[in-house]
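In: Here is a sequence together with a model predicted from it:
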Amino acid sequence: MPCTKPPSAPRNVNFNMNETALYLEWSPPFDTGGRKDIIYNVLCKKCGSDPNDCELCGGGIRFVPRHSGLQNASVTVLDFLSHVNYTFEIEAVNGVSDLSFSPKQYTSITITTDQEAPTLIGMVRKDWASQNSIALSWQEPDYPNGIILDYEIKYYEKAYPRIAPAFWHYLRVEEHEQLSYSSTRSKAPSVIITGLKPSTKYIFHIRVRTAAGYSGYSNKFEFETGDETSDMAAEQGQILVIATAAVGGFTLLVILTLFFLITGRCQWYIKAKMKSEEKRRTNLQNGNLRLPGVKTYVDPDTYEDPSLAVHEFAKEIDPSRIRIERVIGAGEFGEVCSGRLKTPAKKEIPVAIKTLKGGYMDRQRKDFLREASIMGQFDHPNIIRLEGVVTKSRPVMIVVEYMENGSLDSFLRKHDGHFTVIQLVGMLRGISSGMKYLSDMGYVHRDLAARNILVNSNLVCKVSDFGLSRVLEDDPEAAYTTTGGKIPIRWTAPEAIAYRKFSSASDAWSYGIVMWEVMSYGERPYWEMSNQDVILSIEEGYRLPAPMGCPVSLHQLMLHCWQKERNHRPKFSDIVSFLDKLIRNPSVLQILVEDIVGMPESPGDTPDYHFFVTVTEWLESIKMGQYANNFMAAGFTTLDIVSRMNIDDIRRIGVSLIGHQRRIVSSIQTLRLQMMHIQEKGFHV
Ligand code: ADE
């Protein structure tokens, strides 16, 4: 007797079909032939009405992951034609099958496709490209088999991911690219894709959607964005238009110039030009362009006597002008109250009053007034305004403008899901504008977080809580690092945690975290992870996934703010102009992360990994343990299955709170990346 032999045929072939994909699965053979090295091959035949009249399917049909050498007992078939009888012969083989003379053991299934999915689109062309955009057009499918609803254009950077996914250094290049793809839709067979990097190759593929579903994706097309010269070329078109329009204006200008020359008034122009050049030179301090009209921040600690600093930057208020109404909070130095301030014009304005409680030391008084000395130097609509201070009588007070909606984090938690994306982007725009002002003045905040942003009744967000070291002492989120500093770990850039390198670039990192807090309606960054785990995960390349309902463009901006190399992070001026563009072009905000960071297209695409925790443990780790029974009852019993859930599944199983849905979706995205990481590293916990 031979010790091993070929396996018997696979059993129980089953199928599941939608408009575009056919999923086949089967049970392993009864008899493995005494071996463990079983793999499966699938042979596809197209048959006529006579089952004996068959031909091989050929290359028109696609198998995912492939048609032979399958390790899992399943495969997904794509790009099949409608109204065709397909017969699939599924064979199990092992290491001795090739040596055996017995006939091959297979099970077959015949399936008739009756959905009329559209056929593939034709050739894709690049119409033009600028530094940041590419315009494409393509041929409509030969057989749409219905009305074309729209086209989906999927694209990604060829060489380097635009989204830095967690553990990206463990992924293969194609996985990188696939993970970081973006997608957009167009009703016409053409599109202009913006927000791309200059001189960079991108891969595009496009599919068409009709009521019957999607076609397969087209072949991949590779196109490159232009460099500066291409923008100049694009601009030349505009210039032509402008030039034509300007001809009339130019004639007028010539007449005016002649007038100036004749009357000698050009002297005035030359002098003014010299003055502005001088001004420009003085504005260029230490290589940094200081913007005209924007002062430089003066550190109050450079004053020997801090009370001199406070009186330089803050007005002394007579306490008789202040009416305290109620206590609204507690700060480290004393109560925070709301009240009214009578202005010199005898108008009453609402104010917030921070008080210094009695029995303080000189040092505490100095630290308390330090904030006023800093705030008093700023004048910007997105920075909390200092009305003045009371230092000559007790209690010592700092009086600032009143912000009706309090701090941004609690405001968002209270109004979970209540705002449009545009409203949220408006808030973020305000914060970035305030931060741009601060960085232009050379001020580094060090504790930018939603809890330190105040919101008024018009939803205007203003940066508050100034005072560097004092702020961190006061901040309950700040923790002591091994080097003895007190730092709000979750909001702070790695270089600031590691060696206290605080800068406007580290503020940009914190700004990314604020963006995440805003888009997740006040969720705690990194949830219940410990500070130590946050530091290690960031070091490993992990970044917060997009909150539920977050436009791709915003998550990409967050990831940009969280670049390890601080010089690669955006400047606040870049952030303001990017958000302005989004607000002017809100359709970009319609592409949500969950639309593109899709579920694996078929179970066959999912890597075969072992499970490192149970679903219940995972739910408990994200503080959603109360839903464990819902997951189990609905059949979501393994992390493998959970990783393929989408938002509809989550709603269907009874997770009704938006905040909970959001947390679970975000965590599923992280889970997928972690699973890939584990699979790549080849260890199982
Ligand atoms: N809490 C702290 N400062 C505040 C302010 N300016 N307005 C309202 N609430 C506050």
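Out: Okay, I see it. Numbers count the residues shown, from 1 in each chain.
In: Can you list the strands that the helix or strand hosting Leu136 pairs with?
Out: In this structure, Leu136 sits in strand 134-138 according to DSSP states H and E. Using DSSP bridges, strand 134-138 pairs in its sheet with strand 124-129 (antiparallel), strand 190-193 (antiparallel).
In: For the stretch 101-250 of the chain, which segments count as strands?
Out: 106-113, 124-129, 134-138, 150-157, 182-186, 190-193, 201-210, 213-214, 221-224 (DSSP state E, counting those that start in this stretch).
In: which residues are in contact with the third one?
Out: If I follow you right, that is strand 134-138. 121-129, 151, 153, 189-193, 196, 202, 204, 206, 218, 221, 223, 225 (C-beta atoms under 8 Å, 6 or more residues apart in numbering). For every residue, glycine as well, the C-beta is placed using N, CA and C.
In: tell me the contacts of Leu81?
Out: Leu81 touches 60, 113, counting by C-beta under 8 Å, 6+ apart.
In: pretty sure it belongs to a strand, no?
Out: No. The assignment for Leu81 (DSSP: H, G, I helix; E, B strand; the rest coil) gives coil, which keeps it out of a strand.
In: ok, it to the ligand distance?
Out: Distance of Leu81 to the ligand, given as C-beta to the nearest ligand atom, to the nearest Å: 66 Å.
In: same check, this time on Tyr86
Out: Tyr86 is 67 Å from the ligand, by C-beta to the nearest ligand atom.
In: Same check on Gly442?
Out: 24 Å.
In: Return the residues of this structure in contact with the ligand.
Out: Within the chain, the positions near the ligand by C-beta under 6 Å from any ligand atom are 328-329, 336, 352, 384, 400, 402-403, 406, 454.
In: where does the strand holding Leu136 sit relative to the chain's centre, distance-wise?
Out: Here strand 134-138 is found 25 Å from its chain centre; the criterion is C-alpha atoms, centre = their mean, to the nearest Å.
In: Pull out the CA atoms of it and give them to me as PDB.
Out: Extracted in PDB, the C-alpha atoms of strand 134-138 (Å, rounded to 0.1, in the frame of the first residue of the first chain):
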ATOM      1  CA  ILE A 134      -5.000  65.600 -14.000                       C
ATOM      2  CA  ALA A 135      -7.900  65.700 -16.400                       C
ATOM      3  CA  LEU A 136      -9.000  62.300 -17.800                       C
ATOM      4  CA  SER A 137     -11.600  61.200 -20.300                       C
ATOM      5  CA  TRP A 138     -12.500  57.700 -21.500                       C
END
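In: buried residues in that strand?
Out: 134-136, 138 (16 or more other C-beta atoms under 10 Å).
In: which one of those residues sits closest to Ile61?
Out: Trp138 (22.5 Å; C-beta to C-beta).
In: Now flag whichever of the buried residues of strand 134-138 is closest to the ligand.
Out: Nearest to the ligand out of the buried residues of strand 134-138 is Ile134 (C-beta to the nearest ligand atom; 46.7 Å).
In: List of residues touching stretch 527-539?
Out: 166, 479, 489-490, 494, 497, 526, 562, 621-623, 663, 667.
In: Just the buried residues of these.
Out: 166, 479, 489-490, 494, 497, 526, 562, 622, 663, 667.
In: so which of the residues you listed comes closest to Gly417?
Out: Using C-beta to C-beta, the shortest approach to Gly417 within the buried ones among the contacts of stretch 527-539 belongs to Arg663, at 12.8 Å.
In: ok, that closest one to Leu657 distance?
Out: Using C-beta to C-beta, to the nearest Å, Arg663 is found at 9 Å from Leu657.
In: Ok, Thr391 next?
Out: Distance from Thr391 to Leu657, by C-beta to C-beta: 48 Å.
In: Mind checking which of those two has more residues around it?
Out: Thr391 (20 against 10; other C-beta atoms under 10 Å).
In: Report the buried members of the contacts of strand 134-138.
Out: Going by neighbour count (16+ other C-beta under 10 Å), these have 121, 124, 129, 151, 153, 189, 191, 193, 196, 202, 204, 206, 218, 221, 223, 225 buried.
In: give me every residue that touches Ile349.
Out: Shown in contact with Ile349 (C-beta under 8 Å, 6+ apart): 340-341, 343, 387, 401-402.
In: what about it, which SS state?
Out: With three-state DSSP as the criterion, Ile349 reads strand.
In: follow-up on the earlier one: closest to Phe466 out of the strands of the stretch 101-250 of the chain?
Out: The nearest among the strands of the stretch 101-250 of the chain, by C-beta to C-beta, is strand 182-186 at 37.8 Å.
In: now, which of the contacts of stretch 527-539 sits nearest Leu424?
Out: The nearest member of these to Leu424, counting by C-beta to C-beta, is Arg663 at 17.5 Å.
In: Look up which helix or strand that closest one falls in, please.
Out: Here Arg663 is assigned to helix 658-681, by DSSP H and E.
In: mind showing which ranges of the stretch 501-650 of the chain have poor pLDDT?
Out: 593-613 (pLDDT under 70).
In: Give me the number of neighbouring residues for the closest residue to Ser457 other than its chain neighbours.
Out: Leaving aside its chain neighbours, Ser457 sits nearest to Glu404 (4.1 Å; criterion: C-beta to C-beta, 6 or more residues apart in numbering). Neighbours of Glu404 under the rule other C-beta under 10 Å: 12.
In: and the closest residue to the ligand within the stretch 251-400 of the chain, which of the three is it?
Out: Residue nearest to the ligand within the stretch 251-400 of the chain: Ala352 (3.3 Å; C-beta to the nearest ligand atom). Here Ala352 is recorded as strand under three-state DSSP.
In: Which helix or which strand is home to the residue most central in space within the chain?
Out: In the chain, the residue lying closest to the centroid (C-alpha atoms, centre = their mean) is His555, at 0.9 Å. Using DSSP H and E, His555 sits in helix 552-561.
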